[in-house]
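Engineer: Sequence first, predicted coordinates after that:
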Amino acid sequence: MIVLITGVSSSPGYKTAISLANRYEVIGAYNEHPINIPGVTTVKANVTRDYARLINDYRPDVVIHMAAIGNVDQCEEQLELCYEINVVASRNLLTTAYRSGSAIYYLSTDYVFDGERGMYTEDDPPRPINYYGLTKLLAEEVARTLGGSIVRVAWIYGTGPGRQNFGRTVAEKLMRGEEVTAIIDQWSSPTLNIIIGEAFEKLISMKFTGILHVVGPRLSRFEFAKAIAKYFGLNESLVKPIRLSDVKYKAKRPRDSSLSNKRAMELLGIPLNDIGYALSIFKKEIEMEKHT
Ligand SMILES: NC(=O)c1ccc[n+]([C@@H]2O[C@H](COP(=O)([O-])OP(=O)(O)OC[C@H]3O[C@@H](n4cnc5c(N)ncnc54)[C@H](OP(=O)(O)O)[C@@H]3O)[C@@H](O)[C@H]2O)c1
């Protein structure tokens, strides 16, 4: 079976490719950041223009679409570009995949919700409050219309390629003995990238269809940073609280976009709510990286 992963040079794309490589023939598409992954064929393709080539050349049985502008503030500043990549390219790629008979999985985000309530389930109606969230929701709707599945994740952290993530910044600063500031009044469900890969491996083997929230437990940024300090055996007092209003983001942030992972826990048998489990894997990976 052939699985195509777009955005293989992102943190979730990379870990998903590694997790699937033992079982399937994996094709990973990157754009600006070439990447080598043992057992994976990586190919340069810009999804805005190369989507048909990707599908027609490789005829994937499964497409996991993760390529996007994931930077929330960049989306707010570059509306056209964000729409072209996150919506138009997604529509073109996924429609071509549908015509070719591929099963579709779309990686989405907690930011499709407004954050007024928190602990959103898969059945709750989305209502994005920033442009990134809107574009991801529009692409979700394309995926859903084509009979595809949606996997929502949040506040991804871990090692590997892609943009720097909050969890990693916190771990690296604390290991250097530096202070970190962390927001006390913004909550979501930080998710370790390797767990996203593990989840996709299970979802594909069970031919999952529908929407699923594959996320960690509800934490504020401050609680998350404290947990990293605790499980890494570092100085918790270096974590300093700030408020959401202290940070001048370009795009509005949902206050509490935490997601309920009840359905995913039942289905996948992964201890998603155990932050100690995820942080012990993360710690090992950071240590391994330091020694290579
Ligand atoms: N970061 C989070 O906390 C978070 C939370 C929920 C969902 N997500 C989702 O996770 C996915 C990865 O995002 P990220 O946040 O990890 O950001 P990222 O590191 O910037 O990754 C973006 C990925 O999309 C690819 N890409 C961008 N424009 C492309 C284009 N025109 N053609 C082909 N590929 C293109 C990039 O490839 P190159 O780097 O090779 O150009 C990269 O692999 C996105 O779907 C995002 O919505 C992220």
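Structural biologist: Yes, it's here. Numbers count the residues shown, from 1 in each chain.

Engineer: And for the residue lying closest to Arg255 once chain neighbours are set aside, the neighbour number?
Structural biologist: Leaving aside its chain neighbours, Arg255 sits nearest to Gly115 (4.5 Å; criterion: C-beta to C-beta, 6 or more residues apart in numbering). The way it works is simple: take the backbone N, C-alpha and C, and place the C-beta from them, glycine included. Counted with other C-beta atoms under 10 Å, the neighbours of Gly115 add up to 22.

Engineer: Next up, the contacts around Gly115.
Structural biologist: For Gly115, the contact set (C-beta atoms under 8 Å, 6 or more residues apart in numbering) comprises Ile129, Arg253, Pro254, Arg255, Asp256, Ser257.

Engineer: ok now do Leu134, which residues does it touch?
Structural biologist: Pro128.

Engineer: Beyond whichever strand or helix holds it, next helix or strand please.
Structural biologist: Assigned by DSSP states H and E, Leu134 belongs to helix 131-145. Beyond helix 131-145 on the C-terminal side, the first helix or strand identified by DSSP H and E is strand 149-153.

Engineer: so Glu179 touches Ala229, yeah?
Structural biologist: No - using C-beta atoms under 8 Å as the test, Glu179 is too far from Ala229 to be in contact (11.2 Å).

Engineer: shared neighbours, the two?
Structural biologist: With C-beta under 8 Å, 6+ apart, Glu179 and Ala229 have common neighbours Leu238, Val239.

Engineer: what about the two, which has more around it?
Structural biologist: The residue with more neighbours, out of Glu179 and Ala229, is Ala229; 19 against 11, by other C-beta under 10 Å.

Engineer: quick one: the more buried one from Ser9, how far?
Structural biologist: Taking C-beta to C-beta, to the nearest Å as the measure, Ala229 falls 30 Å from Ser9.

Engineer: Also Arg59?
Structural biologist: Distance of Arg59 to Ser9, given as C-beta to C-beta: 22 Å.

Engineer: if you count what's nearby, which of the two comes out ahead?
Structural biologist: Set Arg59 next to Ser9 and count neighbours by other C-beta under 10 Å: Ser9 wins out with 24 against 12.

Engineer: Columns distance to the ligand and pLDDT on top of the contacts of Gly115, output as TSV?
Structural biologist: Formatted as TSV, the contacts of Gly115 follow (distance: C-beta to the nearest ligand atom, whole Å; pLDDT from 0 to 100):
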residue	distance to the ligand	pLDDT
Ile129	15	98
Arg253	12	98
Pro254	12	98
Arg255	16	98
Asp256	15	98
Ser257	10	98
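
Engineer: farthest-separated two in the residues you listed?
Structural biologist: Ile129 and Asp256 (12.0 Å; C-beta to C-beta).

Engineer: of all of the stretch 51-200 of the chain, which residue lies closest to the ligand?
Structural biologist: The stretch 51-200 of the chain approaches the ligand most closely through Gly70 (2.5 Å), counting by C-beta to the nearest ligand atom.

Engineer: Hmm, that residue is touching Ser9, no?
Structural biologist: No - using C-beta under 8 Å, Gly70 is not in contact with Ser9; the gap is 11.5 Å.

Engineer: one step back: any idea which of the contacts of Gly115 is closest to Ile150?
Structural biologist: Ser257 (15.4 Å).
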